[in-house]
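Engineer: Show me how the following folds:
(one chain, ligands or ions: 1)
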Amino acid sequence: MTDTPTTPTPPTTPTTPTRVALVTGASRGIGRAIAQRLAADGRHVVLVARSRGPLDELKAEIEQSGGAATALAVDVGDRAALAAAIDAVAKDLGRLDILVNNAGITRDGLILRMTDQQWDEVIAVNLTSAFAACRAAARPMMKHRFGRIVNIASTSGVVGNAGQANYAAAKAGLIGLTRTLARELGSKGVTANVVAPGFVETDMTSGLPEEVGQTVLKAMSVPRLGTPQDIAAAVAYATSDEAGFLTGQVICVDGGLTMC
Ligand code: NAP
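Structural biologist: Reported below is the predicted structural model:
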């Protein structure tokens, strides 16, 4: 009797699905760099901001480089619209693995002159939007027992900054929100971390007097201002599959400004 030759079965390796990453404030600055980096790392990136034109341009750029992207024009200050967009992404793409709440604005002024409107706008866009997005994203993340949430705060939220009571309060609020999510969701495979940039050259800082940048530079250990790519690199790690043991952290990417 002869043995019947059998075709060897190739070893099966578990495949990781393409991760879907939603980035708010992706039309320019730090959010754009985060989206570019996550796309280069193989994520399907969902680009969110109010301006449709820059989002479509970035989507085309990512696709030309062989990546995948979806552009959604949403005002994150409208929490119902933001939650609906997140629900639609999870349904249409089948999952939502990574959420980066990056959209942010400043309405600076010393406390005696700060108006209710300046306060309310900054809290709505910088903090309430992140709450709404995290709440909407938690369910699909828990369902797949995988999730990476990164909230972009600021060193102003860690150490305060004169003229930014509204902004610093919103950013400090993000830290409390994030650490609570880390405690609530860690057992479900979902991590939550804060990345807190120092002074980064973008549209947000371009209007500041040059002395501000020079003063900050003097207090830093690394003698240069930050780039959006510096921040994107930290987000790329915190949202990676291998960062499953990193949660509830505030990662200050600030050239040693605060050493927080
Ligand atoms: P930026 O250049 O002014 O970009 C802000 C982004 O947020 C844009 O894409 C903008 O897009 C979006 N955005 C603003 N309001 C929005 C809204 N209501 N709905 C949807 N999207 C909105 O700012 P950046 O410097 O890149 O800052 C990004 C994040 O980093 C912010 O959270 C900021 O607080 C934080 N940060 C920045 C620095 C810095 O030095 N630059 C330092 C610390 C922290 P549209 O205008 O198209 O909506």
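Engineer: Looking from the ligand, tell me which residue of the stretch 101-250 of the chain is nearest.
Structural biologist: Proximity of the stretch 101-250 of the chain to the ligand (Cβ to the nearest ligand atom) peaks at residue 104, 2.3 Å away. Placement of C-beta: from N, CA and C, glycine included.
Engineer: State the pLDDT value of that residue.
Structural biologist: Reported pLDDT at residue 104 in the predicted model: 98.
Engineer: hang on, it packs against residue 151?
Structural biologist: No - distance between residue 104 and residue 151: 10.2 Å, which falls outside the contact criterion (Cβ atoms under 8 Å).
Engineer: who's more crowded, these two?
Structural biologist: Counted by other Cβ atoms under 10 Å, residue 104 and residue 151 do not tie: residue 151 has more neighbours, with 28 against 25.
Engineer: Dihedrals phi and psi, that one?
Structural biologist: Note on residue 151: its backbone torsions stand at phi -100, psi 130 [degrees, to the nearest 10].
Engineer: Go ahead and confirm it touches residue 130.
Structural biologist: Yes - using Cβ under 8 Å, residue 151 makes contact with residue 130 at a distance of 5.4 Å.
Engineer: tell me, what's touching those two both at once?
Structural biologist: Jointly contacting residue 151 and residue 130 under the rule Cβ atoms under 8 Å, 6 or more residues apart in numbering are 101, 174, 177.
Engineer: quick one on the thing from earlier: hang on, the residue of the stretch 101-250 of the chain closest to the ligand in a strand?
Structural biologist: No - with DSSP: H, G, I helix; E, B strand; the rest coil as the criterion, residue 104 is assigned coil and is not in a strand.
Engineer: and the residue nearest to it when sequence neighbours are not counted, how many neighbours?
Structural biologist: Spatial nearest neighbour of residue 104, chain neighbours left out: residue 126 (4.9 Å); criterion: Cβ to Cβ, 6 or more residues apart in numbering. Around residue 126 there are 29 other residues, counting by other Cβ under 10 Å.
Engineer: and what of the one 10 residues further on?
Structural biologist: As a burial measure, residue 136 scores 21 neighbours (other Cβ under 10 Å).
Engineer: Also residue 18?
Structural biologist: So residue 18, with other Cβ under 10 Å, has 14 neighbours.
Engineer: Nearest residue to it in space, please, no chain neighbours.
Structural biologist: In this structure, residue 18 finds its nearest non-sequential neighbour in residue 44, 5.4 Å apart by Cβ to Cβ, 6+ apart.
Engineer: Would the longest helix belonging to the chain count as contacting the ligand?
Structural biologist: Longest helix in the chain, counting residues (DSSP state H): helix 165-185. No - with Cβ under 6 Å from any ligand atom as the criterion, the ligand is not reached by helix 165-185; the gap is at least 6.9 Å.
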